[in-house]
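Student: what's the 3D shape of this:
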Amino acid sequence: MVLQPIIDIASVCALKGIKNAILSPGSRCAPITLSFSRHPDINCKTISDERSAAFIALGMAQQLEQPVVLVCTSGSAAYNYAPAIAEAFFQQVPLIVITADRPPEWIDQWDGQTIRQTEIYGKHVKGFFQFPDEFGHPDKVWHANRIMNEAINLSNQFPAGPVHINIPLREPFYPENSESFDFSKTPRIIEPVYSKADLSEKDKQNLISSLSTFKKILIVPGQQKPDAAIQNILDKLVRNGNAVVVADTISNMQSDDTINYHDHFVGNGNLNQLLNPDIVLTFGKSIISKNLKIFLRNSKAEHWHIQPAGYVPDTYRGLTKIIHCQVLEVLNLMNQTLKSEFSFVSSWKKSENTVQENFDNILENAEFGEYRAISTCLKAIPPSSKIHLANSMAVRYVNFFGKREHEIFCNRGTSGIDGSNSTAIGCAFAVEEFVTLVTGDMAFFYDRNAFWHNYRISNLRIILLNNHAGGIFRLIEGPSKQPELEEYFETNQKLDGKSLAHEFGFGYHISTNMESLKIGLVDFYTKSDSPKILEIQSESSKNAEILKWVKSKINELF
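Tutor: Numbers count the residues shown, from 1 in each chain. Below you'll find the model as predicted:
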């Protein structure tokens, strides 16, 4: 049966700028699938595993900075979207999540593939919309159109995020040969106009007056995409002595002027008093460094956060002001009027320089393991490559190495290991440049269904850190001291990437020492018809020893 309001779902999406949909196979969702797959302006891909599908859509939407549509059938298929939807919510990535459903009279009647899908994602979506279950009255058609417009507008509105549209459908699902399947030429489109009002002159003067009382100003950008204008003004603030800027790798705000090696010295008891700020200004989302979080929570500094709208968390337990405006407005005010104490700025810079000048030499004297291997790989990654980092140790290692010129991505909304492969593949679908995934073995094998599709991803490169365990648990004081460490926390596993590479037709090289690693990197970034895996095998216990040794050598510098 052909239902025009269902057919027109894709038309509304296309006219509102959405060009990509990730579909997962199913019968209940067939009318929606046909709407998107037959629309000439929508690029569709089929991903069978819904969990992978949702993370792939997340990776695409991150790059495109516009919503990507997800479509699945009814029942547990919808639940498999949940991890990626939560990640998108906290990363503020727009997704249009469309789930097919049984009609309301069949819920809780033991019908197949039927669960309670109303508001299934709870508070991890910006909004939930229930589609009409029939279109016999004109108001139902009007309502369906309004829902699509409102959902897309809400997904795009700052802060962006996922929205959920649940669509009850009755059989028959497929059009008969005698039925016409035509998209409406002019479906109604509702376009919002978002205000970007600047701060009033009174607001500016109040901010200047308040900021002038602080003399130890620390700026901490959170996770976001690169922004040349913001980077330029941050560098000016540092060079003029207005403030200190501490930048994690996921902030994409690192430069020669920012503090990038902070994970090695922040929290050192000998330095705390010298480095303590009296105000912390933040923008963007989360940071990686636990040392920095603890340091700022203990500093008792005031915390001001800048963003155009929306909820602001009290990450450092000192939130006193929320400034709803564009980040550049406040940074420009600071550049014109403020100055930090010289001793504060110089203490941060001296600590940074101490680590930077000695770090490479310390690492070169360490034994071979993940630490040295990642350092070598990072130097070989082309600057144009985008880097996706899995959670646990991969993202932490990269945060140790100072300034990165690459654009960095990591699923730090929920910080889970699930979906790292899939998010990187979504990125690879959306861009032509190389996409480099740096991942540990647990995250890699957890998301192996990311590769279970028929699409070309020749620009994907995977650096697999395989220590056959969840090595991060050796670095956490609690589990590392327990006799159950290896079985119940590290979860020792015997897999390697060779079989997976053979199964999916990927290039593959294994490294167990520095010589074999350098050989593997020689042609790792030469063009190929398929992705390549560079597997670095090491021992979890040895990696923990190396990391502690490097840390002790750096501590000796202070």
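Student: what sits up against stretch 446-457?
Tutor: Identification of contacts with stretch 446-457 by CB atoms under 8 Å, 6 or more residues apart in numbering yields 45-49, 51-52, 55-56, 417-422, 424-425, 428-429, 500, 504, 506, 529-531. The way it works is simple: take the backbone N, C-alpha and C, and place the C-beta from them, glycine included.
Student: Could I have the CA atoms of it written out in PDB?
Tutor: Extracted in PDB, the C-alpha atoms of stretch 446-457 (Å, rounded to 0.1, in the frame of the first residue of the first chain):
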ATOM      1  CA  TYR A 446      33.700  -5.300  20.000                       C
ATOM      2  CA  ASP A 447      32.700  -3.300  16.900                       C
ATOM      3  CA  ARG A 448      33.800  -5.700  14.200                       C
ATOM      4  CA  ASN A 449      30.300  -5.600  12.500                       C
ATOM      5  CA  ALA A 450      31.300  -2.100  11.400                       C
ATOM      6  CA  PHE A 451      33.000  -3.700   8.400                       C
ATOM      7  CA  TRP A 452      30.000  -5.900   7.500                       C
ATOM      8  CA  HIS A 453      28.700  -4.000   4.500                       C
ATOM      9  CA  ASN A 454      29.300  -3.600   0.800                       C
ATOM     10  CA  TYR A 455      30.700  -0.100   0.500                       C
ATOM     11  CA  ARG A 456      34.200   1.100  -0.400                       C
ATOM     12  CA  ILE A 457      36.300   2.600   2.400                       C
END
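Student: Need the buried ones from the contacts of stretch 446-457 selected in PyMOL.
Tutor: Here is the PyMOL selection string for the buried members of these, based on 16 or more other CB atoms under 10 Å:
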select buried, resi 45+46+47+49+51+52+55+56+417+418+419+420+421+422+424+425+428+429+500+506+531
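Student: Which ones among the contacts of stretch 446-457 lie within helices?
Tutor: Among the contacts of stretch 446-457, the ones falling in helices (DSSP state H) are 51-52, 55-56, 420-422, 424-425, 428-429, 500, 504.
Student: With distance to residue 213 added, can I get the residues you listed in TSV?
Tutor: Formatted as TSV, these follow (distance: CB to CB, whole Å):
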residue	distance to residue 213
51	50
52	51
55	45
56	49
420	44
421	49
422	48
424	45
425	49
428	49
429	50
500	58
504	59
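Student: can I get those in JSON lines with distance to residue 153 and pLDDT?
Tutor: Shown next, in JSON lines, are the ones in helices among the contacts of stretch 446-457 (distance: CB to CB, whole Å; pLDDT from 0 to 100):
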{"residue": "51", "distance to residue 153": "27", "pLDDT": "97"}
{"residue": "52", "distance to residue 153": "28", "pLDDT": "98"}
{"residue": "55", "distance to residue 153": "24", "pLDDT": "98"}
{"residue": "56", "distance to residue 153": "24", "pLDDT": "98"}
{"residue": "420", "distance to residue 153": "31", "pLDDT": "97"}
{"residue": "421", "distance to residue 153": "32", "pLDDT": "98"}
{"residue": "422", "distance to residue 153": "27", "pLDDT": "98"}
{"residue": "424", "distance to residue 153": "29", "pLDDT": "98"}
{"residue": "425", "distance to residue 153": "29", "pLDDT": "98"}
{"residue": "428", "distance to residue 153": "29", "pLDDT": "98"}
{"residue": "429", "distance to residue 153": "25", "pLDDT": "98"}
{"residue": "500", "distance to residue 153": "41", "pLDDT": "96"}
{"residue": "504", "distance to residue 153": "39", "pLDDT": "97"}
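Student: Looking at the residues you listed, which two lie furthest apart in space?
Tutor: Greatest spatial distance among the ones in helices among the contacts of stretch 446-457 (CB to CB): 429 and 500, at 19.6 Å.
Student: Where does pLDDT dip in this structure?
Tutor: Judged by pLDDT under 70, the chain has its weakly predicted residues at 1, 196-197, 470-471, 473-477, 479-481, 486-490.
Student: try 50 this time
Tutor: Within the chain, not a single segment meets pLDDT under 50.
Student: What about it, which residue is the most distant from its middle?
Tutor: For the chain, the largest distance from the centre (CA atoms, centre = their mean) belongs to residue 178, which lies 46.3 Å off.
Student: how much space between that one and residue 4?
Tutor: According to CB to CB, to the nearest Å, residue 178 and residue 4 sit 16 Å apart.
Student: try residue 159
Tutor: Plainly put, residue 159 is 34 Å away from residue 4 if you go by CB to CB.
Student: Next: residue 160.
Tutor: Look at residue 160 and residue 4: by CB to CB, they are 30 Å apart.
Student: cool, and residue 443?
Tutor: 44 Å.
Student: neighbour count winner among these two?
Tutor: For residue 443 versus residue 4, neighbours defined as other CB atoms under 10 Å are more numerous around residue 443 (26 against 14).
Student: Quickly find the element holding that one.
Tutor: Assigned by DSSP states H and E, residue 443 belongs to helix 441-446.
Student: Run the chain-centre distance for the next helix or strand along the chain from that helix.
Tutor: Following helix 441-446 in sequence order, the next helix or strand is strand 460-466 (DSSP H and E). The chain centroid and the centroid of strand 460-466 are separated by 18 Å under CA atoms, centre = their mean, to the nearest Å.
Student: how big is the angle separating strand 460-466 from helix 420-430?
Tutor: In terms of direction (axes from the mean of the first three to the mean of the last three CA atoms, to 10 degrees), strand 460-466 departs from helix 420-430 by 170 degrees.
Student: can I get the CA coordinates of strand 460-466 in PDB?
Tutor: Extracted in PDB, the C-alpha atoms of strand 460-466 (Å, rounded to 0.1, in the frame of the first residue of the first chain):
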ATOM      1  CA  LEU A 460      40.500   4.000   6.000                       C
ATOM      2  CA  ARG A 461      43.700   3.100   7.900                       C
ATOM      3  CA  ILE A 462      43.500   1.200  11.300                       C
ATOM      4  CA  ILE A 463      46.300   1.200  13.900                       C
ATOM      5  CA  LEU A 464      45.400  -1.600  16.200                       C
ATOM      6  CA  LEU A 465      47.000  -1.700  19.600                       C
ATOM      7  CA  ASN A 466      46.600  -5.400  20.600                       C
END
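Student: Since that was my last question, I'll sign off now.
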